[in-house]
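Visitor: Make a model of this:
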Amino acid sequence: MQLVKRVYETTAMFPSDEKFALTSQIQRAAVSIPSNIAEGSSRTSINDFLRFLEISLGSAFEVETQIEIAKNLDYLSKEQYERLIDELHHIQKQISLFSRRIRESKD
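Guide: I've put the predicted structure just below:
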């Protein structure tokens, strides 16, 4: 959830002409990460939950790509970029490890 807040705070400083383009895309993808984990956790099937974790991980990689684009467009400072990327990498590792542990316990 902290990533979502940081993404919203950061994208608020993007150029206004990006409001309905890159800004919206990054925000929606960031919100999708915890939302899919929450939705998946409500499923009664382990396979369904794992599918939602995969979707969440995909959203995390989508945000990473969009942050790279924002950096290349000079919308982010070096510090903003590094902070977001570090947090994303941490989240990606957590989701991957969680998925692996669920798969292992399933077998």
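Visitor: hang on, isn't F98 packed against L53?
Guide: Yes. The criterion here is CB atoms under 8 Å, and F98 meets it with L53 at 6.6 Å. Glycine gets a C-beta too; all of them are placed from N, C-alpha and C.
Visitor: Now for S24, which secondary structure element holds it?
Guide: Following DSSP states H and E, the helix or strand that holds S24 is helix 22-41.
Visitor: and that helix, how far from the chain's centre?
Guide: Offset of helix 22-41 from its chain centre (CA atoms, centre = their mean, to the nearest Å): 6 Å.
Visitor: again, but for stretch 39-50
Guide: Counting by CA atoms, centre = their mean, stretch 39-50 comes out at 19 Å from the chain centroid.
Visitor: Export that stretch to CSV, keeping only CA atoms.
Guide: Output of stretch 39-50 as CSV, limited to C-alpha atoms (Å, rounded to 0.1, in the frame of the first residue of the first chain):
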residue,chain,number,x,y,z
GLU,A,39,-9.0,-10.4,-4.4
GLY,A,40,-7.0,-13.6,-4.7
SER,A,41,-6.9,-14.2,-1.0
SER,A,42,-10.7,-14.4,-0.9
ARG,A,43,-10.7,-17.3,-3.4
THR,A,44,-11.3,-20.8,-2.0
SER,A,45,-9.0,-22.4,-4.6
ILE,A,46,-5.2,-22.3,-4.1
ASN,A,47,-4.9,-22.2,-7.9
ASP,A,48,-7.1,-19.2,-8.1
PHE,A,49,-5.1,-17.4,-5.5
LEU,A,50,-1.9,-18.2,-7.3
